[in-house]
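Engineer: Okay, here's the prediction I keep looking at, along with the sequence it came from:
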Amino acid sequence: MGVKRDEYNWLDDAFDDKKAREELERAQRGGTKAAGLGCIVVVIALIALLGFTLVSGVNILSAM
């Protein structure tokens, strides 16, 4: 009864440098897209807030 070479060994999987490097690269690419999208959302929200503030200020000044 020999051990099969093709059998998955979950213990050695954590120490597989090639697989860890591929997972890191995949995570970094996905993180870049998410961070870029998050930045765009924040910029749009800031522009909307600035516009609302300017319109509110004009309304307050015109009521005086």
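Structural biologist: That came through, no problem.

Engineer: pLDDT (mean, whole number) over the helix or strand containing L49?
Structural biologist: Element membership of L49, judged by DSSP states H and E, is helix 17-62. Mean pLDDT, helix 17-62: 87.

Engineer: which helices and strands does it pack with?
Structural biologist: For helix 17-62, not one helix or strand is in contact under the criterion 3 or more C-beta pairs under 8 Å, 6 or more residues apart in numbering; DSSP states H and E. For the C-beta atoms, the positions are set from N, CA and C on the backbone; glycine is no exception.

Engineer: measure S62 to S56 for me?
Structural biologist: According to C-beta to C-beta, to the nearest Å, S62 stands 11 Å off from S56.

Engineer: Tell me which of the two has more neighbours.
Structural biologist: S56 (10 against 7; other C-beta atoms under 10 Å).

Engineer: so who does that one touch?
Structural biologist: Listed by C-beta atoms under 8 Å, 6 or more residues apart in numbering, the contact set of S56 is empty.

Engineer: mind checking how far the residue nearest to the spatial centre of the chain is from R26?
Structural biologist: With distances taken as C-alpha atoms, centre = their mean, the residue of the chain nearest its centroid is A34 (3.0 Å). Distance of A34 to R26, computed by C-beta to C-beta: 13 Å.
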